[in-house]
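A.B. asks: Starting from these lines, generate the structure:
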Amino acid sequence: MDAKELRAKSAAELTDELLKMRKEQFALRMQRATGQAPKPDQFQKVRRNIARLKTVQREVSKAGAGDKK
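C.D. replies: Numbering: from 1, shown residues only. Below you'll find the predicted structure:
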């Protein structure tokens, strides 16, 4: 997922995408805990995607707050 793609989405879509990523992260943790072996790089990819989503959400909220001044 690219930051450029994320910036094109609305705030509601970003929230939905974040929820989806959190669920995926939870599923990976559960797989690891139950002895199934998910690919180790998946943890890092999901974590970084969550960070990208949060960054873009913050940019959107800052831009909205800046317009109200």
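A.B. asks: hey, where'd the strands end up in the protein?
C.D. replies: Taking DSSP state E, the chain contains no strands at all.
A.B. asks: Mind naming the longest helix for it?
C.D. replies: Assignment by DSSP state H gives helix 40-67 as the longest helix of the chain.
A.B. asks: just how off-centre is it within its chain?
C.D. replies: Per CA atoms, centre = their mean, to the nearest Å, the displacement of helix 40-67 from the mean C-alpha position of its chain is 6 Å.
A.B. asks: Tell me, how many residues neighbour the nearest residue to Met21 once chain neighbours are set aside?
C.D. replies: Spatial nearest neighbour of Met21, chain neighbours left out: Ile50 (4.9 Å); criterion: CB to CB, 6 or more residues apart in numbering. Just so you know, the C-beta spots here come from the backbone N, C-alpha and C atoms, and that holds for glycine as well. By other CB atoms under 10 Å, the residues close to Ile50 number 16.
A.B. asks: Let me see the contact set for Ile50.
C.D. replies: With contact set as CB atoms under 8 Å, 6 or more residues apart in numbering, Ile50 has these partners: Leu18, Met21, Arg22, Gln25.
A.B. asks: Any of those buried? List them.
C.D. replies: Leu18, Met21, Gln25 (16 or more other CB atoms under 10 Å).
A.B. asks: Contact partners for the second one?
C.D. replies: Listed by CB under 8 Å, 6+ apart, the contact set of Met21 reads Val46, Asn49, Ile50, Leu53.
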